[in-house]
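**Q** mind folding the following:
(one chain, ligands or ions: 1)
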Amino acid sequence: MPNILEANALMLEPISSSEYCEIRQTSWAGRGMFAKTSIPASTTVLQSPGPIAYVILQPFRHEVCDWCFAYDNGKRWTISYDIQVKNSRRGVAWFCSDDCYEHWYGNLGELGIEAWIALDQTLASSRPARIKENAKPRPPLTARINNTIPVPRDIEAIWSACDTLASFITTARLAEQPTKAQRRLLREAHQSALSFIDEDDAFLLLAGVLSLERAGLFDEALSKPIPLTWQALLELQPSISEYLKNDSPITRHVAAVHLLLCILPLSLLPYCSAINALRLYTRDSCNSFGIRSQTHGSESEFLGYGVWPSASYFNHSCDPNLVKTSPGRAWIFETSREILPDEELRISYLGDLAPHEMDVEERRKQLKQTWGFDCDCPLCLAQLQVK
Ligand SMILES: C[S@@+](CC[C@H](N)C(=O)[O-])C[C@H]1O[C@@H](n2cnc3c(N)ncnc32)[C@H](O)[C@@H]1O
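**A** Coordinates of the predicted model:
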C-alpha cells in the first residue's frame, strides 16, 4: 500500500493534445508542449476553457466577477448572490452581469451553492476572532518539527495524520446519532481548523471538491478508471517544495480539509479526502495561473489564481514564442512568431515583468523565488555560459 505522498506523486499519462501541439518529454524540464507542424505567427495553438479550481483572493471578492473574472479598477460589482442573515441580506458572490450570475449559479447547482454558503458563513462569522488571534505571534511550522526545516518524512506524517482525523470527522458527521465523544471531536476539530484556516486555501479546496463531485467518485488508489476532469489534474506534475520551507502552508491546507469536512453538506464529504486535497494543493503550487487585472502598460493586480490543466504543459522561456491572454475564464495561447515543426512552445512565467529588460541573474532569481526552479531555458543557459 503506497503512503499518502507516494500516492500523490503518481502522475497519469497526459492525454491532452491539440491540432497544433502535443506533449512530449524534454531533456531539460520534464514534459513540454511541442509544435506538430510549422505554425504561422499569431495562430492560436491552444485554448483552455475554464479552471478545474480557482479562488478570488479575499480582499477582491466584491471587485472580481466570480464567473468571468472581470475587474474594473477596484469598482465593486453590484450584482450579487445574497443570503439572508438575521434581518439583513449579505452578498456571498459578485458578478459583472446577470449572464455571469446565471452561469455561476447553473455551474454550482443547488449542492454547490449550499456548500459555498456554508463556507462563506463560517468564515464570515469567525473573521473578527481570527483577525484578533492572527495578530498574536505564532511559532512557525519548523518550530513544531524538531526545530528543523521539514523534510518529506514530516510532510508524510502530517498528511497521514490529516487523513486519520478526516476519517474520524467524516464518521462522526455521518453518524445518525453521534456519541458524546464524536460531538466533542467535531467541536474541537472545527475550532482548531478555524484557528489555522486561510480563507483562500479553503475556497480553492471547495472549488476542487465541487469539480470532483461533478466528475463523480473514483477509486482513490487509481486502480480503476477515473473521471476526465480529475484525470486532467492528476496528469500534472505535483510539487511538495512549498511545504519544505519555513513558511510552509501545510497547516493551512490541513485545516482547510478539516474545516470543510465539519461544515459541508454530507453528500460532499467523500470528495473532501486528505489525498484529494493534497493532490490539488501540490499541483496548484507549480501549475497555477494568476488571475490578474487586464492593464495596458502598468503593473497588473494579482486577484486570484487557479488551475487550468490543459494549459499547464508549456514550460517557461525568457525568450518565449507564445503570448497568453485570458479573456474571461479561458486562457488562450498564441504564437508570437513563426514556429518550426518540433519546436518547443514556451510561455513566460514572469507575469508583468519583461524578461528582455532583466539580466540573467535577475530573471533566474525571480523564477526561483516565485516558482521554485532554476531556469534552464536556452536564453539563460547561453547567457550563463558567456558570463
Ligand atoms: C507548469 S509546469 C510545466 C510542465 C512540466 N515541465 C511538466 O513536466 O509537467 C512547470 C514546471 O516545469 C519545469 N520548468 C518549466 N520551465 C522551466 C525552465 N525554464 N527551467 C527549468 N524548469 C522548468 C519546472 O519544474 C516547473 O515547476
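**Q** which residues touch stretch 58-77?
**A** Contacts of stretch 58-77 with the rest of the structure, by C-beta atoms under 8 Å, 6 or more residues apart in numbering, involve 56, 91, 93-97, 100-101, 103-104, 107, 199-200, 291, 293-294, 301, 303-304, 326, 328-329. Just so you know, the C-beta spots here come from the backbone N, C-alpha and C atoms, and that holds for glycine as well.
**Q** average pLDDT across the strand or helix carrying Arg24?
**A** When elements are defined using DSSP states H and E, Arg24 is found to belong to strand 21-25. Model confidence over strand 21-25 averages 94 on the pLDDT scale.
**Q** circling back: and the contacts of stretch 58-77, which of them are buried?
**A** If you count burial by 16 or more other C-beta atoms under 10 Å, the buried members of the contacts of stretch 58-77 come out as 56, 91, 93-96, 100-101, 103-104, 199-200, 291, 293, 301, 303-304, 326, 329.
**Q** just those: which are in strands?
**A** Members of the buried ones among the contacts of stretch 58-77 lying in strands (criterion: DSSP state E): Ile56, Gly91, Ala93, Trp94, Phe95, Ile291, Leu303, Gly304.
**Q** gap between the fourth one and Ser80?
**A** Trp94 sits 5 Å away from Ser80, going by C-beta to C-beta, to the nearest Å.
**Q** if we go by neighbour counts, what in stretch 241-256 is buried?
**A** Neighbour counts using 16+ other C-beta under 10 Å place Glu242, Tyr243, Leu244, Ser248, Pro249, Ile250, Thr251, Arg252, His253, Val254, Ala255, Ala256 of stretch 241-256 among the buried residues.
**Q** now the fifth one: closest residue in space, sequence neighbours ignored.
**A** Yep, that's Pro249 we're talking about. Taking C-beta to C-beta, 6 or more residues apart in numbering as the measure, Pro249 lies nearest to Glu242, with 6.1 Å between them; neighbours along the chain are not counted.
**Q** what about that neighbour, which SS state?
**A** Glu242 falls in the helix class when you classify it by DSSP: H, G, I helix; E, B strand; the rest coil.
**Q** isn't Met33 right next to Leu345, touching?
**A** Yes - between Met33 and Leu345 there is a contact at 4.7 Å, judged by C-beta atoms under 8 Å.
**Q** what's the overlap in contacts for the two?
**A** Listed contacts common to Met33 and Leu345 are Cys21, Phe314; contacts here mean C-beta under 8 Å, 6+ apart.
**Q** when the two are compared, which one has more neighbours?
**A** More neighbours surround Met33 than the other of Met33 and Leu345, with 27 against 23 (other C-beta atoms under 10 Å).
**Q** give the contact list for that one.
**A** In this structure, Met33 makes contact with Cys21, Glu22, Ile23, Arg24, Leu46, Tyr313, Phe314, Asn315, Glu344, Leu345, judged by C-beta under 8 Å, 6+ apart.
**Q** and the helix or strand it falls within, is it in reach of the ligand?
**A** Take DSSP H and E as the rule and Met33 turns out to sit in strand 31-35. Yes - contact check for strand 31-35 against the ligand, using C-beta under 6 Å from any ligand atom: residues in range are Arg31, Gly32.
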